[in-house]
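Undergrad: I need the structure of the sequence given here:
(one chain, ligands or ions: 1)
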Amino acid sequence: MNSSKIAQAFLRTGRCEDCPVVDMHAHYGPFRGIYMPRHTAEQMMATAERCGVEAMVSSGHLALVDMVLGNAEMAEVTERYAGHWYGYSVFNPNYPGEGARELSLLEDRPTFVGLKFHPSMHEYPLTGEAYAPALDFAAERELLVLTHTWGHSSYDSPSHLAEVARRYPEVTFLAGHAGYGEFDACFRVAAEHDNVYLELTAAYAVGGLVEEMVETVGAHKIVLGYDLPWFDPYYAVGCVVMAHVDDAARRAILYENGRRLLAPRRRI
Ligand SMILES: [Zn+2]
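TA: Numbers count the residues shown, from 1 in each chain. A predicted model of the protein is given here:
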């Protein structure tokens, strides 16, 4: 039996009053006709509440395809749940005009705490010039940037992340999926750069990975996410709760790191 107080609370009740969850990588809305259960805003919030999620940060699926419509939709949805649901403004480097306009709108969207990049989907390298306006903008305001990262990708591998992290020390980067498939390289990037955090979506399911991250990078550099409404938060939280780490590490990953990163960027 796991002697962790946090684990026991989750096993008993499905949540832990003493250790809420902050989810740093969620989405919203339909995606390419894929069936996702409990996908409406109301259902997503209900799922989050049941699992003890204090706050979550989403980027709209629609925004990954159409920034203008999708970011506006995400702003509207998150404002309905202000204080619990926050947003990332998606920046697509293939549309610089619309991208600049979306950046300028961020000031008027008080639930937005940062930017979301998906270089693999947008088929444009994270290190490319077209990302510069967004990175400059994020640096000036010390925003969070959640970027998709994937091992050996031509667009967003750990080496791409290392380059922008070096160029933009004022930006706090969350490495979505922790460089899945090239974990060791991504762990080194996070260990070597104060401004790079590892985000757990999908990576949590790799046996022993949470333990290795804690050992090599430190629990203070890991944040939780599970691509809601794609994946079940119970599975993701369970991977952290049942990992062979101590409760201080569990609390840092599930709650404290996300809370600390959001605190100075929260406007409502
Ligand atoms: Zn995602």
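
Undergrad: Apart from its chain neighbours, what residue comes closest to residue 166?
TA: residue 193 (7.0 Å; C-beta to C-beta, 6 or more residues apart in numbering). Every C-beta, even on glycine, is put in place using the N, C-alpha and C of the backbone.

Undergrad: what about the strands in the stretch 151-268 of the chain?
TA: With strands called from DSSP state E, counting those that start in this stretch, the stretch 151-268 of the chain shows them at 172-180, 196-199, 222-223.

Undergrad: nope, the stretch 1-150 of the chain is what I meant
TA: Counting by DSSP E, counting those that start in this stretch, the strands of the stretch 1-150 of the chain are 21-26, 53-58, 85-90, 112-117, 144-150.

Undergrad: Just put the ones you listed in a markdown table and tack on distance to residue 132.
TA: Shown next, in a markdown table, are the strands of the stretch 1-150 of the chain (distance: least, C-beta to C-beta, whole Å):
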| stretch | distance to residue 132 |
| --- | --- |
| strand 21-26 | 24 |
| strand 53-58 | 24 |
| strand 85-90 | 16 |
| strand 112-117 | 12 |
| strand 144-150 | 13 |
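
Undergrad: my guess is the residue nearest to residue 166 meets residue 164, correct?
TA: No. Here residue 193 lies out of contact with residue 164, judged by C-beta atoms under 8 Å, at a distance of 9.8 Å.

Undergrad: now residue 238: how far from residue 231?
TA: Per C-beta to C-beta, to the nearest Å, residue 238 is found 11 Å from residue 231.

Undergrad: for residue 266, same thing?
TA: 25 Å.

Undergrad: returning to what we had before: between the strands of the stretch 1-150 of the chain, which gets nearest to residue 70?
TA: Distance to residue 70, taken as C-beta to C-beta, is lowest for strand 85-90 among the strands of the stretch 1-150 of the chain, at 6.2 Å.

Undergrad: Tell me the helices and strands packed up against that closest one.
TA: Strand 85-90 makes packing contacts with strand 53-58, helix 61-65, helix 67-80, helix 96-105, strand 112-117 when contacts are defined by 3 or more C-beta pairs under 8 Å, 6 or more residues apart in numbering; DSSP states H and E.

Undergrad: tell me the most buried of these?
TA: strand 112-117 (a mean of 27; mean count of other C-beta atoms under 10 Å).

Undergrad: Roughly how far does the nearest residue to residue 10 once chain neighbours are set aside sit from residue 205?
TA: Distances taken as C-beta to C-beta, 6+ apart place residue 241 nearest to residue 10, at 5.0 Å, with adjacent residues excluded. From residue 241 over to residue 205 the distance is 14 Å, taken as C-beta to C-beta.

Undergrad: Compare those two (neighbour count), which wins?
TA: Taking neighbours as other C-beta atoms under 10 Å, residue 241 and residue 205 compare with residue 241 leading, 24 against 14.

Undergrad: Neighbours of residue 197, how many?
TA: Using other C-beta under 10 Å: residue 197 sits among 23 other residues.

Undergrad: For the closest residue in space to residue 205 that isn't next to it in sequence, give me its contacts.
TA: Leaving aside its sequence neighbours, residue 205 sits nearest to residue 239 (C-beta to C-beta, 6+ apart; 6.4 Å). Going by C-beta atoms under 8 Å, 6 or more residues apart in numbering, residue 239 touches 200, 204-205, 210.

Undergrad: need the residues you listed in JSON lines with pLDDT and distance to residue 90, can you?
TA: Below are the contacts of residue 239 laid out as JSON lines (pLDDT from 0 to 100; distance: C-beta to C-beta, whole Å):
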{"residue": "200", "pLDDT": "98", "distance to residue 90": "21"}
{"residue": "204", "pLDDT": "97", "distance to residue 90": "24"}
{"residue": "205", "pLDDT": "95", "distance to residue 90": "25"}
{"residue": "210", "pLDDT": "98", "distance to residue 90": "28"}
